[in-house]
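A.B. asks: return a 3D structure for these sequence lines:
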Amino acid sequence: MILSAAVILVATACKTDSTIELFNGENLENWTIVLPDSVDQESVFHVEEGKLYVGGIPNGYIRTNEQYESYKLHVEWRWLEEPANSGVLLHATGKDMVWPNCIEAQLMSGKAGDFVLIGKGAGITVDGVEYMVESEENRFKVIPKKLNSTENEPGEWNSYNITVTENSIELIVNGAVQNKSTNPSKTKGHICIQSEGGPMEFQNITLEPIE
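C.D. replies: So this is what the prediction gives:
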């Protein structure tokens with residue numbers, strides 16, 4: 001999509017003085033890696049030519065050291081091989097574990113723009129319908145995106161623009177509004193990037209606080 005490339009360029013050019021570079025393109029000093037103890041962390045998450053490389057196996061994530069609330073988050077990603085699964089986890093809190101309590105902005109191939117609620121108590125309202133994870137035994141709930149996939153072909157860059165306020169979360173994929181929720185049960189927490197399925201890269205991960 002030519003439009004998507006333009007969206008990425010515009011989003012990058014519109015950085016303000018208040019913009020926080022969550023990923024600096026040099027190292028992972030602003031992040032904590034969460035993986036099984038036996039795993040070589042650098043083989044799954046490392047910086048390569050200014051990009052964040054994510055191996056995809058095993059499942060885990062990298063999370064911001066700080067917690068955030070009310071912001072505009074910009075993330076760019078591309079698949080290096082066969083598209084697989086990943087996600088941007090919002091408002092992650094509690095114990096570091098493979099599937100933390102959070103509200104996920106889905107990155108599974110073809111599903112970018114879905115919401116996924118993870119963990120008991122995670123909830124949002126979409127189009128007047130309330131969704132809530134009621135128990136830890138069934139701790140995942142998916143709310144599908146609104147439009148057909150607006151993702152680019154494997155190897156091409158995509159953009160996620162996620163706006164989070166105390167009362168809403170909006171997911172925009174390559175310029176298309178794919179989902180919007182109100183009344184999130186969680187309004188503050190860590191931001192995480194998942195490893196879940198296949199190799200991919202991220203760049204231009206920035207956050208602009210909303211006052």
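
A.B. asks: contacts, neighbours, all on C-alpha from now
C.D. replies: Fine.

A.B. asks: how about the helices in the chain?
C.D. replies: Taking DSSP state H as the test, the helices found in the chain are 2-13, 41-44.

A.B. asks: could you list the low-pLDDT ranges of the chain?
C.D. replies: Along the chain, segments meeting pLDDT under 70 span 1-16.

A.B. asks: distance of Y71 relative to S168?
C.D. replies: The gap separating Y71 from S168 is 11 Å, by CA to CA, to the nearest Å.

A.B. asks: an error on my part: the question was meant for N152.
C.D. replies: Distance from N152 to S168, counting by CA to CA: 26 Å.

A.B. asks: and what of G175?
C.D. replies: 18 Å.

A.B. asks: need the contact list for the residue positioned nearest the centre of the chain.
C.D. replies: In the chain, the centroid-proximal residue (CA atoms, centre = their mean) is V88; its distance is 1.5 Å. Neighbouring residues of V88 by CA atoms under 8 Å, 6 or more residues apart in numbering: E104, A105, Q106, L107, I191, C192, I193, Q194.

A.B. asks: also E69?
C.D. replies: H91, V164, T165, E166, T187, K188, G189, P209 are the contacts of E69 under CA under 8 Å, 6+ apart.

A.B. asks: do the same with D96
C.D. replies: V34.

A.B. asks: that one and I143: what is the separation?
C.D. replies: From D96 across to I143, the span is 24 Å (CA to CA).

A.B. asks: again with E76
C.D. replies: From E76 to I143 the distance is 22 Å (CA to CA).

A.B. asks: swap in I191?
C.D. replies: 20 Å.

A.B. asks: more neighbours, those two?
C.D. replies: I191 (26 against 17; other CA atoms under 10 Å).

A.B. asks: give the contact list for the more buried one.
C.D. replies: Going by CA under 8 Å, 6+ apart, I191 touches R63, T64, Q67, Y68, V88, L89, L90, H91, A92.

A.B. asks: list only buried entries from those.
C.D. replies: With burial judged by 16 or more other CA atoms under 10 Å, the buried subset of the contacts of I191 is R63, T64, Y68, V88, L89, L90, H91, A92.
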